[in-house]
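Engineer: sequence below, structure please.
(one chain, ligands or ions: 1)
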Amino acid sequence: MACAMFGLECRVFMVRVSFDQKPYRRMMMNTWGATCFPSPSNETEAGRQILAEHPDSPGSLGIAISEAVEDAIAHESSRYSLGSVLNHVCLHQTIVGQEAQKQFEKIGAYPDVVIGCAGGGSNFAGICLPYVRDKIHGKAIRIIGAEPTSCPTMTRGPFAYDFGDLAKKTPLLPMYTLGHDYVPAPIHAGGLRYHGMAPIISHLLHEGLIEAAAYDQVATFQAGVQWARAEGVIPAPETNHAIAAVIAEAQRAKAEGKERTILFNFSGHGMVDLAAYDAYLSGKLIPYELPDAEIQRALKAIEGFPKP
Ligand SMILES: Cc1ncc(COP(=O)(O)O)c(C=O)c1O
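Structural biologist: Got it, this is the predicted structure:
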C-alpha cells in the first residue's frame, strides 16, 4: 500500500507456506499493486538452489530475506525494505510503547507485566523498550516475549553471531539464533517462523532485563479462541502467542491471590487467517515437539562464528 501511495513498483517474496495458507494476504497485496512470489522461487539464485535441493521446501523468513536482498542487489534502482529484526526497525516501533505509557498515565495506572509475541522482535520491542528504560531506572516490572515451541529462538537457542538470512547476504548479527539454515515447521503463525531475534531484544534477554516463554501452536489457538469468545475480536495466530502468555500470567496472579495489571501488544487481527482457525476447530492441528537433535544439527551452521 505504501508503494502504491508513492508510485513505486513492489515485489514481495512471500514464504511459501504463508503464500499457500494465507491466500487473502496475497490477494490484498495484489489489490494494492504488488507482485508476490512464493519463496523459495525461481526468480533468484538463492531460491533456485534451495528448490533444486528441496523442491517441497515450505520456505522460511530467512530464505525470503535472501531472495529479496539478491533481487534488490540485481536491480540498480531497487531497494530492500526490512520489516523487523534490525534495531532501527525496533526503534521505529517504540511509538507503540510510548503511546501505551501515555494511556496508562491518563488512567493513573502502571503495568506489572508487559507482553508481546516475538518473531523477529519488532512488535515486542515496540511495546516493551520504553518500559525497559523504566526498569533500568528502578521500576519493578516483568517483560515477557512469547515465541512458538517450534521456533524457540530465545528459549532454546544460543546467543551468538549469525546471519539474518539463509544465503548469508546480511551482515553478522549478535542474536539468539537457531542457525540461519533452520527451517521451522509450517505452523500457522508464519510471522514467528524466524531463526533469529532482534539484536537489542537478544541483548536485553542476555542481560536478564526481559524474559522469554514458548507456547505450542495448539495452546495458542486455545488462547486465541478464548479471547475471541470473551472480546469478540479474532486475533492473528502470531498474536495468540502473546495472549497465551497473558492468560498464563493472569492465572498465576489468581493462584497467588494477587491483582496484576498486564499490558500486551495485540499485533494483528486474524480475519485473513480464518483457515488456520478452521484447521484448529476441526482438530487438524497437532502439538509439535522440536527434537534437540534438530537444533544441534541447525546450529552446526554457525560453528566457528565469532561469539558476542
Ligand atoms: C500479526 C503479527 N504479529 C507478529 C508478527 C511478528 O513479527 P515481529 O516479531 O517482527 O513483530 C507478525 C509477523 O509477520 C505478524 O504478522
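Engineer: list the backbone torsions phi and psi for residue 162.
Structural biologist: Note on residue 162: its backbone torsions stand at phi -150, psi 170 [degrees, to the nearest 10].
Engineer: my read: it touches residue 302, true?
Structural biologist: Yes. Residue 162 is in contact with residue 302 according to Cβ atoms under 8 Å; the separation is 5.1 Å. No exception for glycine: its C-beta is placed from N, CA and C like everyone else's.
Engineer: okay, and the common contacts of the two?
Structural biologist: By Cβ atoms under 8 Å, 6 or more residues apart in numbering, residue 162 and residue 302 have these common neighbours: 177, 179-180.
Engineer: so which of those wins on neighbours?
Structural biologist: Neighbour count (other Cβ atoms under 10 Å) singles out residue 177 as the most crowded of these, with 29 neighbours.
Engineer: now the shared contacts of residue 162 and residue 302 as TSV including secondary structure, distance to residue 269 and pLDDT?
Structural biologist: Formatted as TSV, the shared contacts of residue 162 and residue 302 follow (DSSP: H, G, I helix; E, B strand; the rest coil; distance: Cβ to Cβ, whole Å; pLDDT from 0 to 100):
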residue	secondary structure	distance to residue 269	pLDDT
177	coil	30	98
179	coil	32	97
180	coil	31	96
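Engineer: wait, a strand at residue 38?
Structural biologist: Yes. According to DSSP: H, G, I helix; E, B strand; the rest coil, residue 38 belongs to a strand.
Engineer: what sits against it?
Structural biologist: Neighbouring residues of residue 38 by Cβ under 8 Å, 6+ apart: 14-16, 19-20, 59.
Engineer: rewinding a little: between residue 162 and residue 302, which is the more surrounded one?
Structural biologist: residue 162 (28 against 21).
Engineer: return the set of residues that bridge with that one.
Structural biologist: Judged by DSSP bridges, the bridge partners of residue 162 are residue 173.
Engineer: show me the contacts for it.
Structural biologist: Residue 162 is in contact with 172-173, 175, 177, 179-180, 195-196, 301-302, 305, counting by Cβ under 8 Å, 6+ apart.
Engineer: swap in residue 182?
Structural biologist: 60, 62, 151, 195, 295, 298, 301.
Engineer: as JSON lines, the residues you listed with distance to the ligand, neighbour count and secondary structure would be great.
Structural biologist: As requested, the contacts of residue 182 are exported to JSON lines (distance: Cβ to the nearest ligand atom, whole Å; neighbours: other Cβ atoms under 10 Å; DSSP: H, G, I helix; E, B strand; the rest coil):
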{"residue": "60", "distance to the ligand": "13", "neighbour count": "28", "secondary structure": "coil"}
{"residue": "62", "distance to the ligand": "14", "neighbour count": "28", "secondary structure": "helix"}
{"residue": "151", "distance to the ligand": "11", "neighbour count": "27", "secondary structure": "coil"}
{"residue": "195", "distance to the ligand": "13", "neighbour count": "28", "secondary structure": "coil"}
{"residue": "295", "distance to the ligand": "20", "neighbour count": "16", "secondary structure": "helix"}
{"residue": "298", "distance to the ligand": "20", "neighbour count": "20", "secondary structure": "helix"}
{"residue": "301", "distance to the ligand": "22", "neighbour count": "18", "secondary structure": "helix"}
